[in-house]
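> Got a predicted structure plus its sequence, pasted below:
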Amino acid sequence: MKVSIITVCYNSAATLARTLQSVAEQDWLSVEHIIIDGASTDGTLTIINQYLASISHVISEPDQGIYDAMNKGLDLARGDIICYLNADDQYASKSVLSHVVNQFQQQELDAVIGDVAFFNPKDPQKSIRRYRSDRFSPQRLAWGWMPSHPALFMKRNVMTKVGYFKTDYRIAGDYEYVVRAFYHGNLKYQHLPEVLVHMQIGGISSKDWRSRILLNQEVLRACRENGVPTNIFKILSKYPLKLLELIQS
């Protein structure tokens, strides 16, 4: 089975090398790594050129935002399994993809979900929080829960049916996509109880209080647009459990 990994980046010279290295080191060799760059003006393209041996496609051009860039990658992907790896994240070990593919091969699955460990860039070896995707179920989408997107692997034929990311979302387009895929899709999925991705804190959805407000507004919108009964109080109730992740990490 071929795995298509899509990495979207823009001015990511500070972090991209470790992302690309973590893909290049995977022990599963049937990999298609697609880089969608938004016409970076720093040293991002120089770093990409250093890893061309393990990259299948590179597009560098202006885009209409992150979800437009994700859609460009989706158009290029030809693997049996598709996933997204952010330009400031990295795979937790060299065997992540082989473990994921093994899950797909053992069962007739539409998706595999795993855990993510968050780290501070000042101390990348120390995990400060573990996002546990085993808490996810389609019913819990109404409460704002989703599997962590960098640790979500889906069959390409499933993603083709779900369609594109909505480009009028600014932060929660991946959440809206998961709602479309899982809430009405009756997907067969399995949780892989491992940390699959090390994810740097400080992403767009959590950089400040304005981003958190917009995130929750878009989560509420995603539910309403897809027929998921919820309200803002349900969605906000997930934060106490997120605090427990800090304690238990």
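Perfect, thanks for sending it.
> Give the bridge partners for V116, please.
Y131, V197 (DSSP bridges).
> isn't it right up against S127?
No - V116 is beyond contact range of S127, at 9.7 Å (criterion: CB atoms under 8 Å). Where you see a C-beta, it was placed from the backbone N, CA and C, and this is true even at glycine.
> Look up how far L52 lies from T41.
Plainly put, T41 is 20 Å away from L52 if you go by CB to CB, to the nearest Å.
> And D174, by the same measure?
Distance, D174 to L52, by CB to CB: 28 Å.
> These two: which is more packed in?
Set D174 next to L52 and count neighbours by other CB atoms under 10 Å: D174 wins out with 22 against 11.
> How far does the strand or helix carrying the more buried one sit from its chain's centre?
Following DSSP states H and E, one finds D174 within helix 173-182. From the chain centre to the centre of helix 173-182 is a distance of 11 Å (CA atoms, centre = their mean, to the nearest Å).
> Could you shift the numbering so residue one becomes 29, and keep it that way?
Sure thing, new numbering starts at 29, so read that last one as helix 201-210.
> what residues does that helix touch?
The contact list for helix 201-210, computed with CB atoms under 8 Å, 6 or more residues apart in numbering, reads 94-95, 98, 112, 139, 166, 169, 174-175, 177, 180, 182, 186-187, 190-191, 193-195, 197, 215, 217, 246-247, 249-251, 253-254, 256.
> same check, this time on stretch 182-196
Residues contacting stretch 182-196 (CB under 8 Å, 6+ apart): 32, 92-93, 95-96, 98-99, 102, 105-111, 132, 137-139, 201-202, 204-205, 208-209, 213, 215.
> 7 Å instead, please
92-93, 95-96, 98-99, 102, 105, 107-110, 138-139, 201, 204-205, 208-209, 215 (CB atoms under 7 Å, 6 or more residues apart in numbering).
> ditto for stretch 159-177
So stretch 159-177 is contacted by 112, 141-144, 146, 179, 202-203, 206-207, 210-211, 219, 221, 247, 251, 256-258, 262-263, 265-266, 273 (CB under 7 Å, 6+ apart).
> Pull out the buried members of these.
112, 141-144, 146, 179, 202-203, 206-207, 210-211, 219, 247, 251, 256, 258, 263 (16 or more other CB atoms under 10 Å).
> Pull the number of nearby residues for N77.
Neighbour count for N77, taken as other CB under 10 Å: 10.
> Kindly report the same for N185.
N185: 10 neighbours (other CB under 10 Å).
> Could you find the closest non-adjacent residue to V36?
A97 (4.3 Å; CB to CB, 6 or more residues apart in numbering).
> wait, I meant G71
In space, G71 is closest to A41, 3.9 Å off (CB to CB, 6+ apart).
> and that neighbour, what does it touch?
Neighbouring residues of A41 by CB under 7 Å, 6+ apart: D70, G71, T72, I75.
> Repeat the analysis, applying 8 Å as the threshold.
S68, D70, G71, T72, T74, I75.
> coming back round to it: can you work out which residues contact both of V144 and S155?
In contact with both V144 and S155: V223, H226, using CB under 8 Å, 6+ apart.
> buried set for the top helix by length along the chain?
Counting by DSSP state H, the longest helix found in the chain is helix 237-253. Neighbour-count burial for helix 237-253, with 16+ other CB under 10 Å as criterion, is recorded at L242, L243, N244, E246, V247, L248, R249, A250, C251.
> Test my guess that the first one contacts I199.
To tie it back to what came earlier, the one meant is L242. Yes - look at L242 against I199 with CB under 8 Å: they come within range, at 5.5 Å.
> where along the protein do the strands fall?
31-37, 59-65, 85-88, 109-112, 117-119, 139-148, 151-159, 180-183, 217-228 (DSSP state E).
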